[in-house]
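**Student:** sequence first, predicted coordinates after that:
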Amino acid sequence: MIGVSFFRVSKAALQNSWRNVWLTLATLVIMTITLLVVLLLYYANIFGLEVIKDIEQKVDLSVTFKDGISEQQVNEVAKTVSSRSDVQGVQIISSEQALEIFKQRNIDKPFIEESLKELEENPLPASMFIVAKEPKFYEAIAGFLGTDRFAEIIDEIHFEDSRLIIERLISLIETIKNAGLIISAVFAGLVVLIMFNTVRLAIYSFREEIDIMHLVGASRWFIRGPFVIESILVALISVVMANAIAWPIIKAVAPTLTTFFFEGHIQGEPFDIYVHTLDNWPNIVGLQLAVAVGLAMFSSIIALQRYLKS
Amino acid sequence: MITFSNVSKKYSRDSAALHEINIKIPTGDFVSIVGQSGAGKSTMLKLISAEERPTNGKIVIDGWDITKIKKWQVPHLRRQIGVVFQDFKLLPKKSTYENVAFAMEVGGARTREIRESVPHILKLVNLTNKATAYPGELSGGEKQRVAIARALAYKPQILLADEPTGNLDALHSWDIVQLLIKINKLGTTVLLATHNNDIVNALKKRVLTLSQGKVVADKKSGTYKL
Ligand SMILES: Nc1ncnc2c1ncn2[C@@H]1O[C@H](COP(=O)(O)OP(=O)(O)O)[C@@H](O)[C@H]1O
Ligand SMILES: [Mg+2]
């Protein structure tokens, strides 16, 4: 019973779309654009967060010790610093180790080896790398190392503060988000407007049928169903179209974006939006479905409410 | 049984289309509702099909109080009530068969049921040979018979006919009235609103006379004069 009705209602919906084929196409295009803007918004957000995470990971705090500081003094500083609750750990690199590393790195450049031999003393200072428990602690730790207490021991503090970059990035992302929100709101408004009018026209062109349906006791669902289903159908096709457009683009630009933003990534695989898309497609498609079907139902139900009596 | 108890209907504040109507129409009756234009005949039928709600009073159909019927219940009521109008209200792009089938379709009847019932109904109204004709190709009387066939699609207990002969010549009018009598004989309660006195007088059935929204006469085998 329900099956038969549903089939008839859907058939009526299809015939309905066919009658207003140009309007249906217009709705389709605008809806697809809306979904693409929503997708852009989504990726800007995700991507921004990933870039920030990455930069935070790159925060780097190290100190070089003054010449002639003993190993014991270095160890003492290391002990003091690592006993802080915000410090995850420290790594000491003695001047010998530093030299070793330096030599290793320049093994293919014989002239460096030569010039090192010329020097009597090891020119490289001992240093210490500090890893904080959380990125936001670095500033306090750097401040602590900069106090007079260590002035005699520590030569230089190397603190690459990426907060400024991160702040700029956050504000850039905010701007993109706001612009995206406004654009999607405008397009969503357009979708609602067009769909509303599509349904209004459909109601108008079916007014005789609707009258008779009322007369012979067709159920509310039978009268309204085709209009709602028609809108939902358009919404579903828009989702398919938006994905058909978006996926190849995402796949094409993903490597470039990854190389550009995540060069020198430290931990694990660098972020790749295509991989992210593959991993999260139910959420991404779900978001689009929610937006598309939501808009479709909203506009058609409002139009039905407005233009169908009873 | 259709019962009106103290039913009034006001479309606007000062004038009443119907005023304190008290009537009982037993199942299987054939009742003509007569009166001049504006007397309230259509309003009375619209109250029965719940197209309008009474301002006061109570309407009960077969024990079902439809006075304050909910929107979602209206379709159930409508499937027990067939309606025909002066202007036929047929779908011009559908054939005779399709017009009748459409009514069954939108009510959710099964395809098989439709295929079996429609020819039966068309035979009852004597339109079998016009099944594939479109309304534009039919005479007024034939159009009205299609409308009656459609009204019968659900095998309603009640048939409301609002001036069904208003657009027809005398011969066709009589044709339609004969059909209504036939349907009544099959057990359907028929309410016929008309101001055609020839028909009413020939019918020799119950006549309710309305004037300015009031029942001014209710005769078992009535006559009607303008
Ligand atoms: N929808 C309406 N809105 C306002 N007044 C109406 C409406 N329908 C009918 N009326 C008024 O109610 C009275 C009865 O009308 P109606 O029932 O159509 O009479 P009849 O069918 O006997 O000609 C008339 O005065 C008419 O003008
Ligand atoms: Mg009337």
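**Tutor:** Alright, I've got the coordinates. Ligands and ions are numbered 1, 2, ... in the order given.
**Student:** show me which residues of chain B are close to ligand 1?
**Tutor:** Proximity of chain B to ligand 1, by CB under 6 Å from any ligand atom, involves residues B:Tyr11, B:Ala17, B:Gly35, B:Ser37, B:Gly38, B:Ala39, B:Gly40, B:Lys41, B:Ser42, B:Thr43. C-beta: built from backbone N, CA, C; applies to glycine.
**Student:** chain A now?
**Tutor:** Residues of chain A lying close to ligand 1 (CB under 6 Å from any ligand atom): none.
**Student:** how about the strands in chain A?
**Tutor:** Listed in chain order, the strands of chain A (DSSP state E) span A:60-65, A:87-93, A:127-132, A:154-160.
**Student:** can you list the low-confidence ranges for the stretch 1-150 of chain A?
**Tutor:** In the predicted model, the stretch 1-150 of chain A carries pLDDT under 70 at residues A:1-6, A:8-9, A:57-59.
**Student:** any low-confidence regions in chain B?
**Tutor:** Residues of chain B meeting the criterion pLDDT under 70: B:225-226.
**Student:** centre-most residue in it?
**Tutor:** By CA atoms, centre = their mean, chain B has its centre lying nearest to B:Leu160, at 1.4 Å.
**Student:** for it, give me its contacts.
**Tutor:** B:Leu45, B:Ile48, B:Ser49, B:Ile81, B:Gly82, B:Val83, B:Val84, B:Leu191, B:Ala193 (CB atoms under 8 Å, 6 or more residues apart in numbering or on different chains).
**Student:** from these, which are also near chain A?
**Tutor:** B:Ile81, B:Val83 (CB under 8 Å from any CB of the partner chain).
**Student:** list the strands paired with the helix or strand that contains B:Lys58, with their directions.
**Tutor:** Secondary structure assignment for B:Lys58, by DSSP states H and E: strand B:56-61. Sheet pairing for strand B:56-61, assigned by DSSP bridges, gives strand B:2-10 (antiparallel), strand B:64-65 (antiparallel).
**Student:** the longest one: how far from the chain's middle?
**Tutor:** Per CA atoms, centre = their mean, to the nearest Å, the displacement of strand B:2-10 from the mean C-alpha position of its chain is 18 Å.
**Student:** CA atoms only for that strand - export them in PDB, please.
**Tutor:** Taking Å, rounded to 0.1, in the frame of the first residue of the first chain, the C-alpha atoms of strand B:2-10 are listed here in PDB:
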ATOM      1  CA  ILE B   2     -26.800  12.800   8.700                       C
ATOM      2  CA  THR B   3     -27.800  15.100  11.600                       C
ATOM      3  CA  PHE B   4     -27.700  18.900  11.800                       C
ATOM      4  CA  SER B   5     -28.400  20.200  15.300                       C
ATOM      5  CA  ASN B   6     -28.800  24.000  15.600                       C
ATOM      6  CA  VAL B   7     -26.300  24.500  12.800                       C
ATOM      7  CA  SER B   8     -25.400  28.100  11.900                       C
ATOM      8  CA  LYS B   9     -22.800  29.300   9.400                       C
ATOM      9  CA  LYS B  10     -21.600  32.800   9.200                       C
END
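**Student:** can you list the buried residues in that strand?
**Tutor:** B:Ile2, B:Thr3, B:Phe4, B:Ser5, B:Val7, B:Ser8, B:Lys9 (16 or more other CB atoms under 10 Å in any protein chain shown).
**Student:** immediately after it, which helix or strand?
**Tutor:** With DSSP H and E, the next secondary element past strand B:2-10 is strand B:16-25.
**Student:** that next one pairs with which strands?
**Tutor:** Per DSSP bridges, strand B:16-25 is paired in its sheet with strand B:2-10 (antiparallel).
**Student:** residues in contact with the strand it pairs with?
**Tutor:** Strand B:2-10 has contacts (CB under 8 Å, 6+ apart) with B:16-25, B:40, B:43-44, B:47-48, B:52, B:54-62, B:158, B:189, B:213.
**Student:** could I get the full set of strands for chain B?
**Tutor:** B:2-10, B:16-25, B:30-34, B:56-61, B:64-65, B:81-85, B:158-162, B:189-194, B:206-211, B:214-219.
**Student:** re earlier: now for the residues of chain B next to ligand 1, which pair is the farthest apart?
**Tutor:** B:Tyr11 and B:Gly35 (16.7 Å; CB to CB).
**Student:** which of these two has more residues huddled nearby?
**Tutor:** More crowded of B:Tyr11 and B:Gly35, by other CB atoms under 10 Å in any protein chain shown: B:Gly35, with 24 against 11.
**Student:** OK, contacts around that one?
**Tutor:** B:Gly35 neighbours (CB under 8 Å, 6+ apart): B:Lys41, B:His195, B:Thr209, B:Leu210, B:Ser211.
**Student:** how far away is the closest residue to A:Lys251 other than its chain neighbours from ligand 1?
**Tutor:** Leaving out its chain neighbours, the residue that sits closest to A:Lys251 by CB to CB, 6 or more residues apart in numbering or on different chains is A:Tyr274, at 5.0 Å. Distance of A:Tyr274 to ligand 1, given as CB to the nearest ligand atom, to the nearest Å: 63 Å.
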